[in-house]
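sequence unknown, structure follows:
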């Protein structure tokens, strides 16, 4: 099991990045060992959500903590068996704690419109 959080920095004290496809970093956490790996997101000009979904699927992510996902990313994440939970503010550490305590809302449909545009 691997949990991924979208963040603006490289560690658990970094703020959550509410964007999925264009998040600055992905923090991958093994909840059993608490090992954390930060990976800088490298979105392209188009299809950032789909590209990000592939990164998570390739790493065996089972849960994503993020702010918003568009329809294409939502479909891809769902097809990959990745559960999506709302985490819009606070630090990654706070989001992880809330997830582990069962306090985050599971997302059952896209929460952002598609093609929101590029840039960071």
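Thanks, I have it. Keep in mind that what you see is a predicted model, and the values were worked out from it rather than measured. Residues are numbered from 1 along each chain as shown.

give the next helix or strand downstream of the helix ranked longest in the chain.
Secondary structure of the chain read by DSSP state H shows that its longest helix is helix 48-58. Later in the chain than helix 48-58, the nearest helix or strand by DSSP states H and E is strand 61-66.

can you list contacts of that following strand?
Contact with strand 61-66 is made by 1-6, 16-20, 23, 28, 56, 77, 80-87, 92, 95-96, 99, 104, as judged by Cβ atoms under 8 Å, 6 or more residues apart in numbering. (Glycine included, C-beta is placed from N, CA and C.)

and the angle for whichever helix or strand comes after it with strand 61-66?
With elements assigned by DSSP H and E, the helix or strand that comes after strand 61-66 is helix 71-79. Here helix 71-79 points in a direction 150 degrees away from that of strand 61-66 (axes from the mean of the first three to the mean of the last three Cα atoms, to 10 degrees).

chain center to the next helix or strand after helix 71-79, what's the gap?
Downstream of helix 71-79, the first helix or strand assigned by DSSP H and E is strand 83-86. A distance of 8 Å separates the centroid of the chain from that of strand 83-86, by Cα atoms, centre = their mean, to the nearest Å.

next SSE downstream of strand 83-86?
helix 92-100.

so which other helices or strands are in contact with that next one?
For helix 92-100, the elements it packs on are strand 2-7, strand 61-66, judged by 3 or more Cβ pairs under 8 Å, 6 or more residues apart in numbering; DSSP states H and E.

could I have the buried ones of the contacts of strand 61-66 as ChimeraX selection syntax?
With 16 or more other Cβ atoms under 10 Å as the criterion, this ChimeraX line picks the buried residues out of the contacts of strand 61-66:
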select :2,3,4,5,6,16,17,18,19,20,23,28,56,77,80,82,83,84,85,86,87,92,95,96,99,104
